[in-house]
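> Based on what follows, work out the 3D shape:
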Amino acid sequence: MQNQSFVTEFVLLGLSQNPNVQKILFVVFLFVYIATLGGNMLIIVTILNSPALLGSPMYFFLAFLSFLDACFSSVFTPKMVVDSLYERKTISFEGCMTQLFAEHFLSGAELIVLTAMAYDRYVAICKPLYYSSIMNRRFCGILIGLAWTGGFLHSMIQILFTFQLPFCGPNVIDHFCCDFQPLLDVACTNTHVFGLFVVLNSGFFCIITFSWLLVSYGVILFSLRTHSSEGRRKALSTCGSHIAVVVLFFVPCIFVYARPPSAFSSDKMVAVVYGILAPLLNPLIYTFRNKEVKNSMRKVWKRLLVVSDAK
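Numbering: from 1, shown residues only. Modelled structure (predicted):
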């Protein structure tokens with residue numbers, strides 16, 4: 001299979017061509033990226049250094065989600081920060097394909113992890129007596145393996161279809177990154193069929209998964225009627241965080257991918273939400289009302305301070 005492309009690089013228009021706006025974007029996205037890496041790494045370090053948290057499937061998945069968020073943010077944000085310093089923003093054809101692969105690989109894996117976290121909460125709340133036997137280490141490992149495999153297959157399908165597109169001249173992409181939708185706009189062929197493929201491969205899959213997650217959380221919330229007030233409060237706090245993260249991830253993805261290609265200028269803003277802001281907000285959402293994580297963070301910090309003082 002050969003790609004008949006004659007284009008060696010693409011020109012990205014970014015979020016703005018105004019030099020003054022670009023300076024502001026440089027500061028904003030540099031801060032966002034540092035905060036994203038810091039927040040997600042803090043969660044990972046806290047969970048890895050807290051045996052009580054690491055032994056819980058929920059926090060095991062949370063650590064993996066934080067790792068995916070840190071990687072996902074690194075696909076877009078560093079280049080956006082650097083590009084904001086230049087008037088002409090370019091990316092090589094190989095770099096574009098790498099960015100496309102990484103984006104869909106990590107987002108596909110994250111979709112499966114979010115589904116696994118919802119299933120974990122369903123078993124914990126609706127089948128508490130069977131929780132330890134169902135959500136054992138082996139099963140959690142299988143779910144993580146499934147996330148990697150699913151993300152890889154999803155991204156490989158995207159890449160294989162992208163290599164079918166001929167790029168013979170136009171190379172200006174009205175976006176800040178490489179994605180299948182903007183690439184369709186510069187392809188030298190009729191892209192109607194490819195547009196439908198995007199809807200089926202990404203959009204429809206997001207809609208089905210999001211609908212299933214909403215139904216599962218509905219079942220969880222319905223079953224809380226039989227729990228004590230303290231149990232309901234704790235479960236609602238945990239499920240509320242999950243639901244917020246799920247909505248933040250799926251709604252923008254559905255908006256971008258679950259419709260035929262069109263020149264919506266708001267697409268770039270929506271991509272900023274799920275590609276840059278969501279990885280930043282996820283650590284805040286999960287720790288804001290979670291006493292266990294906050295207490296573990298304090299213990300980790302105290303241990304680090306004791307070690308540094310000892311030196």
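
> which stretches of the chain aren't confidently modelled?
1-5, 231, 259-266, 288-289, 304-311 (pLDDT under 70).

> Helices of that one, residue ranges please.
19-48, 51-54, 57-83, 93-126, 131-134, 137-162, 180-186, 192-198, 204-223, 229-257, 266-272, 278-288, 291-310 (DSSP state H).

> Tell me which of these sits nearest to residue 12.
Closest to residue 12 of the helices of the chain is helix 57-83 (C-beta to C-beta; 6.6 Å). Bear in mind the C-beta positions are built from the backbone N, C-alpha and C, glycine included.

> can you redo the helices of the chain as JSON lines with distance to residue 12?
Listed next are the helices of the chain as JSON lines, based on distance: least, C-beta to C-beta, whole Å:
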{"stretch": "helix 19-48", "distance to residue 12": "12"}
{"stretch": "helix 51-54", "distance to residue 12": "40"}
{"stretch": "helix 57-83", "distance to residue 12": "7"}
{"stretch": "helix 93-126", "distance to residue 12": "9"}
{"stretch": "helix 131-134", "distance to residue 12": "46"}
{"stretch": "helix 137-162", "distance to residue 12": "16"}
{"stretch": "helix 180-186", "distance to residue 12": "9"}
{"stretch": "helix 192-198", "distance to residue 12": "20"}
{"stretch": "helix 204-223", "distance to residue 12": "25"}
{"stretch": "helix 229-257", "distance to residue 12": "17"}
{"stretch": "helix 266-272", "distance to residue 12": "10"}
{"stretch": "helix 278-288", "distance to residue 12": "20"}
{"stretch": "helix 291-310", "distance to residue 12": "37"}
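
> right, so of those helices, which gets closest to residue 173?
Of all the helices of the chain, helix 180-186 comes closest under C-beta to C-beta, at 4.7 Å.

> In PDB, could you pull the C-alpha coordinates for that closest one?
Output of helix 180-186 as PDB, limited to C-alpha atoms (Å, rounded to 0.1, in the frame of the first residue of the first chain):
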ATOM      1  CA  PHE A 180      -8.000  13.200  10.100                       C
ATOM      2  CA  GLN A 181     -10.700  15.900   9.600                       C
ATOM      3  CA  PRO A 182      -8.400  18.800   8.600                       C
ATOM      4  CA  LEU A 183      -6.400  16.500   6.400                       C
ATOM      5  CA  LEU A 184      -9.500  15.700   4.400                       C
ATOM      6  CA  ASP A 185      -9.800  19.400   3.500                       C
ATOM      7  CA  VAL A 186      -6.400  19.400   1.700                       C
END
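
> which other residues reach that helix?
7, 10, 96, 100, 158, 161-162, 165, 167, 170-175, 191, 194-195, 198, 202, 256-257, 261, 263, 267 (C-beta atoms under 8 Å, 6 or more residues apart in numbering).

> ok, and for it, which residues are buried?
180, 181, 182, 183, 184, 186 (16 or more other C-beta atoms under 10 Å).

> wait, which of those residues is closest to residue 88?
residue 186 (16.4 Å).

> Could you check how far the closest one is from residue 141?
Distance, residue 186 to residue 141, by C-beta to C-beta, to the nearest Å: 42 Å.

> Residue 163 too?
Separation of residue 163 from residue 141 (C-beta to C-beta) stands at 33 Å.

> quick one: which of these two has more around it?
Per other C-beta atoms under 10 Å, whichever of residue 163 and residue 141 has more neighbours is residue 163, with 14 against 11.
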